[in-house]
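**Q** dropping a prediction and its sequence here:
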Amino acid sequence: MPAYSEKVMEHFMNPRNVGEIENPDGVGEVGNPVCGDMMTFYIKVKDNHLDDVKFKTFGCGAAIAVSSMVSEMAKGKTLKEAMKITPRLVADELDGLPKQKFHCSNLGAQALQKAIKDYLSKKKAEGGKE
Amino acid sequence: MRKVYLDNAATTPLLSEVSEAMIPYLGEVFGNPSSLHDWGDTAREAVEAARAQVAQLIGADAEEIIFTGSGTESNNFAIKGLALAQQTKGKHVVVSAIEHFSVLHSARTMEKWGFELSLVPVDKYGVVDPEDVRKSLRKDTVLVSVMHANGEVGTIEPIQEIARITRENNVVFHTDAVAATGTLPVDIKELGIDALSLAGNQFYGPKGVGALWLRRGVRIMPLLDGGVQEGGRRAGTENVPAIVGLGKAAELAATNIAARLKHLTPLRDHLLTELPSKIEHVLITGHPQNRLPGHASFCIEFIEGESMLMMLNNQGVAVSSGSACTSKALKASHILIAMGIPHELAQGSLLFSFGMDSTLEDVDYVLEVLPPIVDRLRQMSPLYSKFIKTSKGGK
């Protein structure tokens, strides 16, 4: 086994918030299969808070654990708070990640931020219409 | 929980006959084979007996066997040593695209040292076309190296045909037979080659010992300078217990090779037939028939190898993968890529390698635990949901 922390193993074996949201308010996709990992995050926003967060991930144990942890960290937060989740914070919450996994598999925060930005740009476009 | 070790391509277990043969040399027989007294004589005799055993396994003469520290060392020695010994004749080396890194990276090092390198491609099954080897030969070609069998996809290469071409052209031919020796019958006279690498831990011998067979008269430049051990070609005090173990493992392999084939082949064939019928969207990697007897390898679409490995380990099953995530280099297997398998499919690589301890029940256990793991990971996979959406629920 790769040198994963107990917390990584626990999130990998029992990932939280796996799935897709129907009619999501925002979607964020990062990674590509060449480097090994792909993550898609879906968000539902209510009163400027992340009411629901779900993800789908193609990748190694670390990638799955990272996605699960990000979804857990983000749920219920304001959009502004959620934008402050960084790969470093996610790794710390997981009690660390193996060095070679830190960059390639730690894309969850980026995917979440992309989903939030997607939501904000959609909202802006809708605001323009009204 | 049931424990099923199906990673014999990584290493085989040590047979008890082998460890028993080694024990005296880890204890009372401690002499240095180079010493000129009874202690040295006993150790030297043991090393020479092992040399004869290894030679017999591949149909060679004992004096043609050089003990090394691993299959990797044998390959480094062959590529660098054979190329360097002939550099006045020419500086062009040919290897296949699916060689083990100990051959491929050695060849790359020769490039840095002023040699030119040609890589011979493979087809979708990982088979080298001997005609491609012929086309790659030049006036200044001094060495060709193509592996006997590939440890990752199991494919057996047409070594005899390639050797015929190198002989016609008077070029030295080395084969990395680390994955093949002790599992398949390997006879250097039948193959018609000039040099061959083998390693103990691939056929129930110890780790940290290998051998290079070199046809008498073929010149090689030593990589390790020092004393005159191994005929002056590999300096350093011999690892006597490991060499004794390698010898014993070779003797057992020579006696049991037919029984090994008979035991391993049905296990492989059972998994190769049944897995694709239990799991959709699976590709068998390597040649479907002409492959190592205990070797079944696949790419499982839409999911990644390390995740499968971890979940299988959780069920007590040990296997390996060529995915980028499982490699420390974070690159997908160069072998799968050379066979034209796309990166995302290569990520789902899974390799089962059976050993003499494996049973049909082990295969059935894999067939029971793997499909739910694949399902679970596919439910998590954005690639799978995309596939389902675009194919509107599958074909």
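**A** Done, it's in.

**Q** so which residues of chain A form helices?
**A** Using DSSP state H, the helices assigned to chain A run over residues A:6-13, A:61-74, A:79-82, A:87-93, A:99-102, A:108-129.

**Q** which of those comes out lowest on mean pLDDT?
**A** Of all these, mean pLDDT reaches its minimum on helix A:99-102 (a mean of 82).

**Q** out of the helices of chain A, deepest packed?
**A** Among the helices of chain A, helix A:61-74 has the highest mean neighbour count (mean count of other CB atoms under 10 Å in any protein chain shown), at a mean of 27. All C-beta spots, glycine's among them, are computed from the backbone N, C-alpha and C.

**Q** of all the helices of chain A, which lies closest to chain B?
**A** Among the helices of chain A, helix A:61-74 comes nearest to chain B, with 4.9 Å by CB to the nearest CB.

**Q** packing partners for that closest one?
**A** If contacts are counted by 3 or more CB pairs under 8 Å, 6 or more residues apart in numbering or on different chains; DSSP states H and E, helix A:61-74 sits against helix A:6-13, strand A:37-46, strand A:49-58, helix A:87-93, helix A:108-129, helix B:305-314.

**Q** for residue B:226, which of those is the nearest?
**A** Checking the helices and strands packed on helix A:61-74 against residue B:226 by CB to CB gives helix B:305-314 as the closest, at 41.0 Å.

**Q** quick check: angle from that closest one to strand A:49-58?
**A** When axes from the mean of the first three to the mean of the last three CA atoms, to 10 degrees is applied, the directions of helix B:305-314 and strand A:49-58 differ by 90 degrees.

**Q** which residues of the stretch 51-200 of chain B fall in strands?
**A** B:65-68, B:92-96, B:116-120, B:141-145, B:172-176, B:195-199 (DSSP state E, counting those that start in this stretch).

**Q** next one, pLDDT for the nearest residue to residue B:195 once chain neighbours are set aside please.
**A** Spatial nearest neighbour of residue B:195, excluding adjacent residues (CB to CB, 6 or more residues apart in numbering or on different chains): residue B:174 at 4.0 Å. pLDDT, residue B:174: 98.

**Q** repeat for residue A:1
**A** pLDDT at residue A:1 comes out at 64.

**Q** quick one: closest of the helices of chain A to residue B:70.
**A** That would be helix A:99-102 among the helices of chain A, by CB to CB, at 23.8 Å.

**Q** which stretches of chain B have low pLDDT?
**A** B:327-330, B:392-395 (pLDDT under 70).

**Q** and it, which residues reach chain A?
**A** B:302-304, B:306-307, B:310-311, B:313-314, B:323-326, B:328, B:330, B:332, B:343-344, B:347, B:379-385 (CB under 8 Å from any CB of the partner chain).

**Q** distance of the residue nearest to residue B:195 from chain A?
**A** 32 Å (CB to the nearest CB, to the nearest Å).

**Q** can you name the residues bridging to that residue?
**A** Under DSSP bridges, the beta-bridge partners of residue B:174 are residue B:145, residue B:195.

**Q** that one: neighbouring residues, count only.
**A** The tally of other residues near residue B:174 (other CB atoms under 10 Å in any protein chain shown) stands at 30.

**Q** coming back round to it: JSON lines for the strands of the stretch 51-200 of chain B, including distance to residue B:263?
**A** Formatted as JSON lines, the strands of the stretch 51-200 of chain B follow (distance: least, CB to CB, whole Å):
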{"stretch": "strand B:65-68", "distance to residue B:263": "27"}
{"stretch": "strand B:92-96", "distance to residue B:263": "29"}
{"stretch": "strand B:116-120", "distance to residue B:263": "33"}
{"stretch": "strand B:141-145", "distance to residue B:263": "31"}
{"stretch": "strand B:172-176", "distance to residue B:263": "25"}
{"stretch": "strand B:195-199", "distance to residue B:263": "21"}
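
**Q** follow-up on the earlier one: in CSV: the helices and strands packed on helix A:61-74, plus distance to residue B:94.
**A** Listed next are these as CSV, based on distance: least, CB to CB, whole Å:
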stretch, distance to residue B:94
helix A:6-13, 44
strand A:37-46, 36
strand A:49-58, 37
helix A:87-93, 44
helix A:108-129, 44
helix B:305-314, 31
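
**Q** wait, residue A:87 sits on residue A:113?
**A** No: using CB atoms under 8 Å, residue A:87 makes no contact with residue A:113, being 10.6 Å away.

**Q** find the residue closest to the residue most central in space within chain A in space, skipping its chain neighbours.
**A** Centroid check for chain A by CA atoms, centre = their mean gives residue A:108 as the closest residue, at 3.7 Å. Counting by CB to CB, 6+ apart, residue A:108 lies nearest to residue A:70, which is 3.5 Å off, once chain neighbours are set aside.

**Q** what's the distance between the one you found and residue A:106?
**A** From residue A:70 over to residue A:106 the distance is 9 Å, taken as CB to CB, to the nearest Å.

**Q** which residues do these two both contact?
**A** Residues touching both residue A:70 and residue A:106 (CB atoms under 8 Å, 6 or more residues apart in numbering or on different chains) are residue A:90.

**Q** give me the number of residues near residue B:111?
**A** 12.

**Q** what number of residues lie near the residue nearest to it when sequence neighbours are not counted?
**A** Of all residues not flanking residue B:111 in the chain, residue B:117 sits nearest, at 4.9 Å (CB to CB, 6+ apart). Applying other CB under 10 Å, we find 16 residues neighbouring residue B:117.

**Q** and for residue B:235?
**A** Neighbours of residue B:235 using other CB under 10 Å come to 14.

**Q** that one reaches residue B:77, doesn't it?
**A** No: in terms of CB under 8 Å, residue B:235 does not count as a neighbour of residue B:77; the distance is 11.9 Å.

**Q** same for the biggest helix by length in chain B, what does it pack against?
**A** For chain B, the longest helix by residue count, based on DSSP H, is helix B:240-278. When contacts are defined as 3+ CB pairs under 8 Å, 6+ apart, helix B:240-278 packs onto helix B:16-26, helix B:38-58, strand B:282-284, strand B:295-300, helix B:360-380.

**Q** any idea of the angle it forms with strand B:195-199?
**A** Helix B:240-278 runs at 80 degrees relative to strand B:195-199, counting by the same axes, to 10 degrees.

**Q** in helix B:240-278, which residues are buried?
**A** When burial is assessed from 16 or more other CB atoms under 10 Å in any protein chain shown, helix B:240-278 yields the following buried residues: B:240-254, B:256-257, B:260, B:263-264, B:267-268, B:270-272, B:275.

**Q** who in chain A is up against chain B?
**A** Checking chain A against chain B by CB under 8 Å from any CB, the hits are A:1-2, A:12-13, A:15, A:18, A:20, A:29, A:33-40, A:56-64, A:100, A:104-105.

**Q** now with 10 Å?
**A** Residues of chain A lying close to chain B (CB under 10 Å from any CB of the partner chain) are A:1-2, A:4, A:9, A:12-13, A:15, A:18-20, A:29, A:31-41, A:55-64, A:67-68, A:98, A:100-101, A:103-105.
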